[in-house]
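Student: Mind looking at a prediction? Sequence and model below.
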Amino acid sequence: MKLKDPTPDVPVTRWDGELREGPGAATAAIPIIQVDGHGGHTLEPGYKRMPIGPDHILYPVMIGLALFPILMGSAGHHLADDMPEEDTHPFFPDHFWPYPIIAVIMMLTVGVLSAFVQTNMQLEQSADPRAVVLPRPDWYFLFLFQFLKLGPELIMSLVIPPLVVGALLIWPFIDNIGGRLAARRLGWASWPVPGRNKITGTAWVVFLGILLFLTLWALSGITLPWFTGPVTGG
């Protein structure tokens, strides 16, 4: 079907009907725009267009999926591209086999503790309000319990622990900024990554050793000399 242009300078829109068969078949009107006698662009029929606009509930999801490869860099591009079959690993047995082994190891550990450390797994005597009992924290807080004895309570409880936690949270920035300055001062070409850095690796091992020492000291009940006087564990 072709329309005759009433005036050559006025754009005319021509509509062609297209009949399709199969699921979702419908008659779609395809606009063809002609400007100054030149052929225009054929728009997609309605059944091919995505019915998700800015007011649709899934529109943010579409935008997120489209921006993910851009925002995530190489990781996003890696996920967006089709991975070759030879580079993939099947879920069974490659990703499945560690979990039964972990479950068996946990069951064996609980069994060994039940057999050899029964005193720590049995119920204690009923609470007696007349008894004088010094409360003890759980084992993962024992180092803090012992740390409180090494100085003023305000500093040891509300100053130093929050500073240590804050330093651990911002450690990547400290390592990035301070590492470059340290490498320049030491004459190194670059600051090694944490896994191969002898300085930060040694500091981390010393920090874990201090925590382990405080925990074992709190369990032992041994009295050791300190600046403020003898300190007893437990």
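Tutor: Cool, the structure landed.
Student: make it CA atoms for all contacts and neighbour counts henceforth
Tutor: Noted.
Student: what about Gln146, neighbour count?
Tutor: 21 (other CA atoms under 10 Å).
Student: can I assume Ala189 is in contact with Ala183?
Tutor: Yes - with contact defined as CA atoms under 8 Å, Ala189 counts as touching Ala183 (6.9 Å).
Student: Let me see the ranges of the strands in this structure.
Tutor: Under the criterion DSSP state E, the chain contains strands at 12-18, 28-34, 223-224, 231-232.
Student: Need the residues that contact the last one.
Tutor: Counting contacts by CA atoms under 8 Å, 6 or more residues apart in numbering, the residues outside strand 231-232 that touch it are Lys149, Leu150, Ala218, Gly221, Ile222, Thr223, Leu224, Pro225.
Student: Output these as TSV; include the columns pLDDT, neighbour count and distance to Ala203.
Tutor: Putting the contacts of strand 231-232 into TSV (pLDDT from 0 to 100; neighbours: other CA atoms under 10 Å; distance: CA to CA, whole Å) gives the following:
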residue	pLDDT	neighbour count	distance to Ala203
Lys149	91	16	23
Leu150	92	15	21
Ala218	88	22	23
Gly221	83	12	27
Ile222	89	12	26
Thr223	91	13	27
Leu224	90	11	24
Pro225	91	9	25
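Student: all helices of this protein, in order?
Tutor: Remark: helices assigned in the chain by DSSP state H are 59-71, 74-80, 98-116, 142-147, 153-158, 160-169, 171-186, 198-220.
Student: Out of the ones you listed, which gets the lowest mean score?
Tutor: Note on the helices of the chain: lowest mean pLDDT is at helix 74-80, with a mean of 51.
Student: And Ala189 and Ala183? Which one has more around it.
Tutor: Neighbours were tallied for Ala189 and for Ala183 using other CA under 10 Å; the higher tally belongs to Ala183 (14 against 9).
Student: residue contacts, Phe145?
Tutor: Arg136, Pro137, Ala218.
Student: could you measure Arg184 against Ile177, distance?
Tutor: 11 Å (CA to CA, to the nearest Å).
Student: Next: Met156.
Tutor: 28 Å.
Student: So for the two, which sits in the more crowded spot?
Tutor: Met156 (17 against 12).
Student: Tell me who's in contact with that one.
Tutor: Phe147, Leu148, Leu150.
Student: any idea how far Pro147 lies from Ala218?
Tutor: Careful, residue 147 is Phe and not Pro. 9 Å.
Student: got it, and Ile160?
Tutor: Distance from Ile160 to Ala218, by CA to CA: 19 Å.
Student: swap in Leu212?
Tutor: In terms of CA to CA, Leu212 sits 10 Å off from Ala218.
Student: what sits in contact with each of these two?
Tutor: By CA under 8 Å, 6+ apart, the residues touching both Leu212 and Ala218 are Phe143.
Student: Now do the closest residue to Leu142 other than its chain neighbours: how many residues are near it, please.
Tutor: Closest residue in space to Leu142, ignoring its immediate chain neighbours: Thr215 at 5.4 Å, by CA to CA, 6 or more residues apart in numbering. Thr215: 22 surrounding residues under other CA under 10 Å.
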